[in-house]
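**Student:** Generate coordinates for the sequence data below:
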Amino acid sequence: MKIGLFYGTDTGNTETISKEIRKKLDAKFGEGTVEMKEIYKKKAEEMQAYDLLILGMPTWYDGELQADWEDFIPEMEKINFEGKKVAFFGLGDQYGYAAYFCDALGVFADIVEKNKGQIVGLWPTEGYEFDHSKALKGDKFVGLCLDVDNQDELTNERVDKWLEQILGEFGIAQSSN
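**Tutor:** Residues are numbered from 1 along each chain as shown. Model prediction:
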C-alpha cells in the first residue's frame, strides 16, 4: 500500500502539515507508506500512479490558488481518477478571508469528481466561522480545513480525527498502535 501525498506551499505551513501527516501514517503503518511530493513541476502521470491520494493546498487572499497548484490544473484535468480515492486538506484564514475560506479545495474537488474520482474525508463545518467557501459540499467541507493563523490549537486534534476517518474510507485496516 502506498499513499501519494501531494502538496503545494509558499510559507511552509502546508508542507509542515504534510510532514506531520506522513509522520503519523508512517508511525501507524511503517516508514514509506506515504510518498510525499511537492506539486511544483509535477506531471499527471506522477499523481496517476496512486490509487490513494492526499492533496494539500492553501487558499490565498481572495480565493487565489497557490501558484504551483494553479500551474498544475492542466495536468490535473488529464488524470482519470476512476477507482481512486482522494482526500483533501487545505489551509485558509476564516476571519481575514471569510468569503473565500479554503476555496482551493473546492476547485480541485470539482476536477476530481468530473474525472470520476471518489472524494473521501468530508469534514464538518462546526467550529469554523466563515461566510462562504467553494469547499462546501452540502453541509460539509470536501476535506479537512485548517486555520493555523487563528485556530492553531485545534490543528493537531483535527488532523488526528481526519486521518482516522480517511483511513477507514480508504479501506485500510488500522493497526493497534
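
**Student:** Output the contacting helices and strands for the helix or strand where Asp110 lies.
**Tutor:** Asp110 belongs to helix 103-114 when elements are defined using DSSP states H and E. Packing partners of helix 103-114 (3 or more CB pairs under 8 Å, 6 or more residues apart in numbering; DSSP states H and E): strand 52-60, helix 67-76, strand 85-91, strand 118-120, strand 136-137, strand 143-146. (C-beta placed from N, C-alpha, C; glycine too.)

**Student:** Off-centre distance for it?
**Tutor:** Using CA atoms, centre = their mean, to the nearest Å, the distance from the centre of helix 103-114 to the centre of the chain it belongs to is 11 Å.

**Student:** what residues does that helix touch?
**Tutor:** 55, 57-59, 63, 65-66, 69, 73, 76-77, 81, 84, 86, 88-90, 92, 119, 133-137, 141-143, 145 (CB atoms under 8 Å, 6 or more residues apart in numbering).

**Student:** got it, and stretch 75-83?
**Tutor:** 42-44, 47-48, 51, 108, 111-112, 115-118.

**Student:** end-to-end on that stretch?
**Tutor:** Stretch 75-83 has an end-to-end distance of 18 Å (criterion: CA to CA, to the nearest Å).

**Student:** What's the ChimeraX syntax to select whichever of the contacts of helix 103-114 are buried?
**Tutor:** In ChimeraX, a selection of the buried entries from the contacts of helix 103-114 looks like this (16 or more other CB atoms under 10 Å):
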select :55,57,58,59,63,65,66,69,76,81,84,86,88,89,90,92,119,133,134,135,136,137,141,142,143,145
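
**Student:** In the helix holding Asp110, which residues are buried?
**Tutor:** Going by 16+ other CB under 10 Å, helix 103-114 has these buried residues: 103-109, 111-112.

**Student:** In a markdown table, list these along with distance to Ile172 and pLDDT.
**Tutor:** Formatted as a markdown table, the buried residues of helix 103-114 follow (distance: CB to CB, whole Å; pLDDT from 0 to 100):
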| residue | distance to Ile172 | pLDDT |
| --- | --- | --- |
| Asp103 | 29 | 97 |
| Ala104 | 26 | 98 |
| Leu105 | 22 | 98 |
| Gly106 | 26 | 97 |
| Val107 | 27 | 97 |
| Phe108 | 22 | 98 |
| Ala109 | 21 | 98 |
| Ile111 | 24 | 98 |
| Val112 | 19 | 98 |
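
**Student:** from the residues you listed, which is closest to Asn156?
**Tutor:** Leu105 (19.8 Å; CB to CB).

**Student:** pLDDT value on the closest residue to that closest one other than its chain neighbours, please?
**Tutor:** Of all residues beyond its chain neighbours, the one nearest Leu105 is Ala135 (3.9 Å), with distances taken as CB to CB, 6 or more residues apart in numbering. On the pLDDT scale, Ala135 is placed at 97.
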